[in-house]
Structures are given as C-alpha cells and as structure tokens.
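Fold the following for me, if possible:
(chains A and B)
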Protein chains: 2
Amino acid sequence: MGSDPPGLTWTLIEQARERIAPLISPTPVLTSTTLDAHAGARLFFKCENLQKGGAFKARGASNAVFALPEAQVRRGVATHSSGNHAAALARAARLRGVPAYIVMPDNTPLAKRAAVERQGASVRLCAPSLAARERAAAEIIAATGAVLVHPYDDLAVMAGQATVAVELLEQVPDLDLLLAPVSGGGLLSGIAVATRTLRPGARVLGVEPAGADDAARSLRAGRIVPCERPDTIADGLRATVGVRPFAEIRRYVADIVTVSDEAIIAAMRCIWEVMKIVVEPSGATAYAAIAAARTEVRGLRVGVVLSGGNVDLDSLPWITRARG
Amino acid sequence: MGSDPPGLTWTLIEQARERIAPLISPTPVLTSTTLDAHAGARLFFKCENLQKGGAFKARGASNAVFALPEAQVRRGVATHSSGNHAAALARAARLRGVPAYIVMPDNTPLAKRAAVERQGASVRLCAPSLAARERAAAEIIAATGAVLVHPYDDLAVMAGQATVAVELLEQVPDLDLLLAPVSGGGLLSGIAVATRTLRPGARVLGVEPAGADDAARSLRAGRIVPCERPDTIADGLRATVGVRPFAEIRRYVADIVTVSDEAIIAAMRCIWEVMKIVVEPSGATAYAAIAAARTEVRGLRVGVVLSGGNVDLDSLPWITRARG
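Presented below is the predicted three-dimensional model:
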C-alpha cells in the first residue's frame, strides 16, 4: 500500500461541523426501556434516518460541496452511486446553486432515480458494473469540468460523516461504546476519529453484513481485501472499504463484527415495532449486532447509529420473504 | 343535557404536567421541508407515536392513576378498552405498584392483549359489545374495589392528554393552528383548553374519519349524537365523544373536519415515507386533513399531533388493500 494517505484530523471535523450546521438537521437520540431490558444495557439510538434525505449522507455530501472553492465548484459536482449519497450530493449541489451529474446503473430502482431528479440533478444511466460507472463518470467530468465527490474515499466526506459522533457525544457525553455500520467506511472512520478526540476512553465498533464482510476481513488481514460478490439485503453496505477510511479504521476501531441478513431483518422489524421509526436494512445493522448478541454490551452505555431510513414500503422483507 | 359537568381547568393541566413528568417521555417535534412545500405552510409534527407505549394515552392514564389518593388506588384500577388506553393504564398501575384489571372484547388482536399482559395486568375477555364490556367492568369493580379509569370521559385523563399541547407550545410557541384527531375527545378537549390559556389567538381544529363522524355531527347539532356503526380503518377513533370532553370542545374548538379512509391511508404512508416514522391510521388522521386539503393552512404555522404508532407490521393497509 505504500505510505498512508493524509489522514482525517479533528480540525477537519470541527470545520465540517460549522460548515454544515445550516445545511443539515441535528437528529434526535431516542431510547427504549424495552430494548434496554433486552440488551441489559443503556442504548442511545442516533437517528440519522431522520436526517435530511433520510440518511447521514447529507452530512458528508454537504461538507464536500461547500468546502470546494467557488472557482472549482461552479462547473458542478459528479458522482457514481445508486444510493443515498447520490441524492445527498444532488441536494447539496442544489443548495450551493451548481449542477450535479449523477451516474447510476440502469438497474437502479425508479424511486431512487426520482429522488435524485427531484433535487434537480442530471442522471446518466450506465451498465451495472463498477468499470462502466467509473468510465461514465470520467466522461462526464472531462466534458463538463465537474468535480468528483467520492461517496466515502474523501476526507471532506469523512469529516462530514464524523459530525454524527460529535453531535451524539454532545447529546450523551458518557458513552462506553459506539456502534456504526461499515460499507465504504466513511461513517465508521469519521466516528472513530471524532470519538478518539472527544471521548478517548470509549470503544468504537463496526458492524457489517456477513455477506459483505470485506472490512472485517481487511481489518484482520491488515490490508484491503475486496468483497468480490457482496450478497446482503443491506443495499447500502455492499461497497468495499476505501483507502482513506481504512487507514483510520485500522488505527481507531476496536473491531468489526458481522451479522446475518436474518439478524438484520429481525433488528429492522424490532426497531419499527418498538421504537416507531422507519429504518432501512443498513440502518438497522448496528443494532442487529446487539440484538443477535454478536458483541458484549451488558452494563454499558452504548451509542447505536441508525444510519438511514430509505426503504420501499411496498416490499418489506418480513412480508416479501414470507411470501417468496 | 341539563347543566354542564365540572370543566377542565388550567390548574388541573399544570398539576398533570408536574405529576407525569417522571412517568412519560417528552416527545420530539419533527419538521419536513418536503411536506411544508406540499402544504404551503410550516408544519410541526408532535410525535406522540414516540411516546411511552407508542401513544399519547400514557399521559392521561399516568395522571389519572397517580392523582388517586393511596387509600383509593391500592385496590387497583380498571378499564374496558381494546386499545392504547388499556396498555397505558396497565403501565401506569405497574409503576404505581397497584393491580390493573382490563376488560377486552374477545375479538381483540392477540398483540394488543399481549401488550397489556406484559405490563402485568389481569385481562378479562367479554363479548364484543359495549353493554358486555360495561357489565364485565362493573363486576370486576364490585369484586375487587378497583377504581374505574375511563379512557376519555374523565378530567384527570383529559388533563394528562392536555400536556401534549403544553409541551408543543413550549417547543414551538408561535403556532397559528393546532390539529388533533378526535374520538372520545380526551386529547382534543385537553389541547383546546391548554391552547386557550397558552396561546389564545391560535385555532384548534379536530379531525375525524368520515366513517366515525359523531363528533363533527355532535358539534353541529349542539348535543352528542352517537355513531351507531363506526366504519373506519382508524381503529383508535371509533368511540363516541364523551360528555366532559364535548363540553370543552363546544367551547374552544373552532371546527371538526372529516377525512376519508383513503386520505388517512395516503397520509399514513406519506409520513412513513417522508418523515421515516411509524404512525397508525389514527395517528395520521390529523395530517390527512392537510394532505387532502380539507382545511386551509396556506401560510400558517401549524401544529399537527401524530397521536400513536401501534400498527401490525404484517398487515399494512397499502399492501393488504391492494391484494384484497
């Protein structure tokens, strides 16, 4: 891997906090005596499903877009993504008043494409492979002069996601443990660096679907081991961990545990039923590690990041799977 | 109707606020730029679906149980209800350390019965008619000496429900209009009295399903006109307005508008999708009046009470109705 890339610093996170304050919502922390009793712990759920656009991605995308100098950003921003980052980037570009170009695989659900177009972004479809996506994005950037905003392998994006932990540790200062899902690692690495500064005694743990466990395997191997064929219901957690996030995760994350899709679905349903909030499978993954006893939390004060709530209400896994 | 019964006073509401503070959760107010744009108004959603037990009923039941003198309450409390009041009363009794006796019709869904039994209450089943329920409750009270806590026709219950508005008007002081669903009227009457004191210039509007529009018809008639055969998906809104609530509603509620079941289901789905929170049909009814343009809100600052979130996740109306 050669030498480490420049790292995420507390200064970048502080700047992000200030920069995005007018652009995002502070999200509530919810608690449940029922789920506390199940876990034998005090759980503090950080509700990023209630964030603008329904996911924490608004934080990183807003920070990246607003951190760019006017001369650079005025030709627009671009990314390739079928998920929450695409809509968040489109929103941030609209707020800054610059164009957004989004490359999406042509098998992207219509609802996700519509969410991006509602924000005024230009959508370009491509074949559903990483190579095709990267090629299409490169063509757009060459033609327009837009700046690529990577969904996670970008310090400004990571600094934005880190504000989840800054906010949570203001709301609940005395946490022993923080749990967050990991995909490309932007969120987990940001949380780890922020926690290291604000509450160095607390542990940070990543949670990953067993069917897309590249980050867990990478952490054990000490180098990035891509997931060749991610297979999980958590559609937000299929990416391979990025170089910059991985460098922070190696330094500051205690461990990454994995959970089955069954555990994710059960956790998702439990959160809907008991807490009365809508989380997507990726958003329930951190709690799944507690509900399925994949990590020891007894007696601890635990922050649990519910990362997003964008689901298709016509096909809920406990209904479609029972039928299928 | 003879002379009016004693009314709900601001003093009773203030006492309720203090009494139940340690027993309930303050609930967040959520906003959505998307729903604001649809409505052409600023909407402030008071999330009682995130209340203890998933409904505002925790407020009234806690106030009623903890307001009773020790000598009266020690033999327990009783009610007949298949819904959220039963579970809320069982919880309040458990917290006070006294027995709860709940009469439920024998067609009550198992999940609702289980929710009451989890709180340690004794459940007695009866035939699904009001006469059978009242008879069974009277028998239990005669045998045990328990005190009846009516779900809405009770000043202590009404004072507890009124704290929804006290809290909301602290969170958002400058509302022009407050919308709440109406069934027996405990919530709406409480909100109307509290608003009259705290923000006399604001209007309070009730919203009722068209298939259970007794309160709207009663308000027009100037006397209680019971609903003989309530027919609505909003299972929490089928009761006929009570004598004590109706007296306050006549005095302080500007109007009661009705909404169709289709509008309720659409509003419910919209809240899940856009706001990422789980509301039951009754809980979405107040917003349905805005989404279906049953009342003029353009340019106003509007408080919308989302009253509860207890739904069966295996049978969601937009799925079961499409199939059936």
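
Show me which residues of chain A are close to chain B?
Residues of chain A that fall close to chain B, judged by C-beta under 8 Å from any C-beta of the partner chain: A:28, A:30, A:33, A:49-50, A:52, A:54, A:269, A:272-273, A:275-279, A:309, A:313-314, A:316, A:318-319. Any C-beta I mention is one placed from the backbone N, CA and C, and that applies to glycine too.

Can I get the buried ones among these as something I can paste into ChimeraX?
Command for ChimeraX that selects the buried part of the residues of chain A next to chain B, burial taken from 16 or more other C-beta atoms under 10 Å in any protein chain shown:
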select /A:28,30,49,50,52,54,269,272,273,275,276,277,278,279,309,316,319
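
Pull up the gap between the residue nearest the centre of chain A and A:Ser282, please.
Chain A has A:Leu187 as the residue nearest its centroid, 4.9 Å off, counting by C-alpha atoms, centre = their mean. Here A:Leu187 is placed at a distance of 10 Å from A:Ser282 (C-beta to C-beta, to the nearest Å).

which residues are in contact with both of those two?
Residues touching both A:Leu187 and A:Ser282 (C-beta atoms under 8 Å, 6 or more residues apart in numbering or on different chains): A:181, A:307.

what does the domain assignment say about chain A?
With domains defined by automatic domain parsing, chain A comprises A:10-56+A:154-323, A:58-148.

Format those domains as a markdown table; extra columns: mean pLDDT.
As requested, the domains of chain A are exported to a markdown table (pLDDT from 0 to 100):
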| stretch | mean pLDDT |
| --- | --- |
| domain A:10-56+A:154-323 | 96 |
| domain A:58-148 | 93 |
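
Need phi/psi at the residue in the stretch 151-300 of chain A that chain B sits nearest to.
Across the stretch 151-300 of chain A, the shortest distance to chain B (C-beta to the nearest C-beta) belongs to A:Lys276, at 3.6 Å. The phi/psi pair for A:Lys276 (degrees, to the nearest 10) reads phi 60, psi 30.

ok, now the one 10 residues further on?
With angles defined as degrees, to the nearest 10, A:Ala286 shows backbone torsions of phi -60, psi -40.

contacting residues around it?
A:Ala286 sits next to A:179-181, A:207, A:304-307 when contact means C-beta under 8 Å, 6+ apart.

what does A:Ile265 give?
By C-beta under 8 Å, 6+ apart, the contact list for A:Ile265 reads A:233, A:281, A:317-318, A:321.

6 Å - rerun?
Residues near A:Ile265 by C-beta atoms under 6 Å, 6 or more residues apart in numbering or on different chains: A:Pro317.

ok so, going back, out of the domains of chain A, deepest packed?
Mean neighbours per residue, mean count of other C-beta atoms under 10 Å in any protein chain shown, is largest over the domains of chain A for domain A:10-56+A:154-323, with a mean of 22.

Please look at A:Val278 and B:Val274 and confirm they touch.
No. Counting by C-beta atoms under 6 Å, A:Val278 sits too far from B:Val274 to count as a contact (9.9 Å).

pretty sure the residue of the stretch 151-300 of chain A closest to chain B contacts B:Val278?
Yes. The criterion here is C-beta under 6 Å, and A:Lys276 meets it with B:Val278 at 4.3 Å.

For chain A, just list every one of the strands.
Along chain A, the stretches classed as strands by DSSP state E are A:29-30, A:42-47, A:77-80, A:100-105, A:122-126, A:147-148, A:177-181, A:203-209, A:255-259, A:301-306.

can those strands go into JSON lines with extra columns for distance to B:Ala87?
Conversion of the strands of chain A to JSON lines gives the following (distance: least, C-beta to C-beta, whole Å):
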{"stretch": "strand A:29-30", "distance to B:Ala87": "19"}
{"stretch": "strand A:42-47", "distance to B:Ala87": "22"}
{"stretch": "strand A:77-80", "distance to B:Ala87": "47"}
{"stretch": "strand A:100-105", "distance to B:Ala87": "45"}
{"stretch": "strand A:122-126", "distance to B:Ala87": "47"}
{"stretch": "strand A:147-148", "distance to B:Ala87": "52"}
{"stretch": "strand A:177-181", "distance to B:Ala87": "30"}
{"stretch": "strand A:203-209", "distance to B:Ala87": "32"}
{"stretch": "strand A:255-259", "distance to B:Ala87": "31"}
{"stretch": "strand A:301-306", "distance to B:Ala87": "25"}
